[in-house]
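Peer 1: Okay, predicted coordinates and the sequence, questions at the end:
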Amino acid sequence: MPHYAFSLVLILFGLSSAVSAQTINGTDDEAEQAPQAKIAVAKANQDISKIDDVSTLLRGVLAFECKLGGDSFPLVLLEKRRGWTMPSAPDLVLTEIDDGFAFNQSDDPLYLGFLKERGGKWKLTELDDGGVTTGTCEERDEMLEDVTEIIAPKILQNALELQDRVTEAEDRMAAMQSRLDGAGLALCKELPVNEPVDDDGENCPTVAPDVETAFPKDALASVAFFEFPAILTGNLKGLGRVLDLGVGVLTQDDGTSVANIEAHMPDLSQEVIATMSTYTEQEVTGREARQALAEDLRITMNATLISLTGVGGIDKVHFTFFSIE
């Protein structure tokens, strides 16, 4: 039975599936509506300053680095509505047991595998017609959390861009329908006054008056994710360590915030670098520390924008790149 050696790309595949899977609760109909509902909420001018915490996005995802029979490979398990799966080996059927997982292969009745936790350590075992092979696995949750923290804002940006394209397509369809309706009216021929009217109701169509909707499109704020074009580098306080940051900001307004950010990019970049210099390496190490730094930068950049333009507008700050040298 061949071993399952998986590439690191599969971790990202499992993560992407998890982001989708965690929006699923209740019935299948609710699951299908959940992704669109999240975008609709953002488009309806709701509070989008809070994106799901990393731990929420990774609920139902387990990542390991395994060694088995001389091979080393990453292993990702993903929990779906019908149980756990292994995205890199979809033909394996996983069953959750008291201390881990058991898995078998639908087309190989002689194959059986176990991934069990004992004393804080994971043991991987495969049994097939060639005998028994044992190995070990180490959890890699911290690495997965770091990857998620970096790509989460990019996923949101892609979703917002896709929604904008859908909206543009809907507008074009509505415009085409309006032109077709107008052409139909132009071709319609009114009946003479002295000619009897048929009772089949097929007279010239009438144009319905415009009805104001509950949420006029022009009143909706625009949700935008803007990424600083360059990596910002600044000295940390203390031992001469340097922090490299990729900064992305989430805004929700009529486009004014992004225009102000672009116009005052040098001032904002200087403020970011100056704020970085007030932190030590220990104070920016770890996910919670990075979140605190991001919130500090949001407050600082909004204060700078208010002093320069009279308005702030940055709802949330994300790090698209983070490195300490």
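Peer 2: Received it, and whenever you're ready, just let me know what you need. Keep in mind that what you see is a predicted model, and the values were worked out from it rather than measured.

Peer 1: Can you show me the helices along this protein?
Peer 2: Applying DSSP state H to the chain gives helices spanning 9-21, 28-43, 54-57, 141-187, 256-263, 265-276, 287-309.

Peer 1: By mean pLDDT, show me the worst of the ones you listed.
Peer 2: In terms of average pLDDT, helix 9-21 trails the rest of the helices of the chain, at a mean of 41.

Peer 1: Tell me the bridge partners for residue 68.
Peer 2: Residue 68 has these beta-bridge partners by DSSP bridges: residue 71, residue 135.

Peer 1: Give me the neighbour count for the residue lying closest to residue 303 once chain neighbours are set aside.
Peer 2: Residue nearest to residue 303 in three dimensions, not counting chain neighbours: residue 312, with 7.3 Å by Cβ to Cβ, 6 or more residues apart in numbering. C-beta: built from backbone N, CA, C; applies to glycine. Residue 312 has 19 neighbours, counted by other Cβ atoms under 10 Å.

Peer 1: Any chance you could list what contacts stretch 297-304?
Peer 2: Here stretch 297-304 makes contact (Cβ atoms under 8 Å, 6 or more residues apart in numbering) with 247, 249, 264, 267-268, 271-272, 275, 312-317.

Peer 1: Give me the pLDDT for the residue nearest to residue 303.
Peer 2: At residue 312, pLDDT is 87.

Peer 1: how close does it get to residue 133?
Peer 2: To residue 133, residue 312 is 59 Å away according to Cβ to Cβ, to the nearest Å.

Peer 1: Report the buried residues of stretch 82-92.
Peer 2: Neighbour counts over stretch 82-92 (16 or more other Cβ atoms under 10 Å) mark 84, 85, 86, 87, 88, 92 as buried.

Peer 1: Need the CA coordinates for that stretch. CSV is fine.
Peer 2: Provided in CSV are the C-alpha atoms of stretch 82-92 (Å, rounded to 0.1, in the frame of the first residue of the first chain):
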residue,chain,number,x,y,z
ARG,A,82,-20.7,14.3,7.3
GLY,A,83,-17.5,13.8,9.2
TRP,A,84,-13.8,14.2,8.8
THR,A,85,-12.0,13.9,5.5
MET,A,86,-8.4,14.0,4.1
PRO,A,87,-8.5,16.4,1.1
SER,A,88,-5.3,15.0,-0.3
ALA,A,89,-6.6,11.4,-0.2
PRO,A,90,-10.4,11.6,-0.9
ASP,A,91,-10.7,7.8,-1.3
LEU,A,92,-9.9,7.3,2.3
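
Peer 1: Same list, the buried residues of stretch 82-92, but as CSV with pLDDT and distance to residue 125 please.
Peer 2: Compiled in CSV, the buried residues of stretch 82-92 are given as follows (pLDDT from 0 to 100; distance: Cβ to Cβ, whole Å):
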residue, pLDDT, distance to residue 125
84, 90, 17
85, 89, 19
86, 89, 15
87, 87, 21
88, 83, 18
92, 88, 14
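
Peer 1: Spatially, which two of those are the most separated?
Peer 2: Pairwise distances across these (Cβ to Cβ) peak at 13.1 Å, for the pair 84 and 88.

Peer 1: okay, and the common contacts of those two?
Peer 2: Here residue 84 and residue 88 have no joint contacts, going by Cβ under 8 Å, 6+ apart.

Peer 1: re the thing from before, could you flag which of the contacts of stretch 297-304 are buried?
Peer 2: Applying 16+ other Cβ under 10 Å to those, the neighbour count classes 247, 249, 264, 268, 271-272, 275, 312-317 as buried.

Peer 1: Return the member of those residues nearest to residue 104.
Peer 2: Residue 104 has its nearest neighbour among the buried ones among the contacts of stretch 297-304 in residue 316, at 44.6 Å by Cβ to Cβ.

Peer 1: Ignoring the adjacent residues along the chain, who's closest to that closest one?
Peer 2: residue 250 (4.3 Å).

Peer 1: That neighbour contacts residue 223, doesn't it?
Peer 2: Yes - at 7.5 Å, residue 250 counts as touching residue 223 under the criterion of Cβ atoms under 8 Å.

Peer 1: Now do the closest residue to residue 293 other than its chain neighbours, the pLDDT please.
Peer 2: Once flanking residues are discounted, residue 293 sits nearest to residue 284: 5.5 Å by Cβ to Cβ, 6+ apart. Per-residue confidence for residue 284 comes out at a pLDDT of 89.

Peer 1: is it true that residue 284 touches residue 319?
Peer 2: No - Residue 284 is beyond contact range of residue 319, at 10.0 Å (criterion: Cβ under 8 Å).

Peer 1: where do the contact lists of these two overlap?
Peer 2: residue 290.
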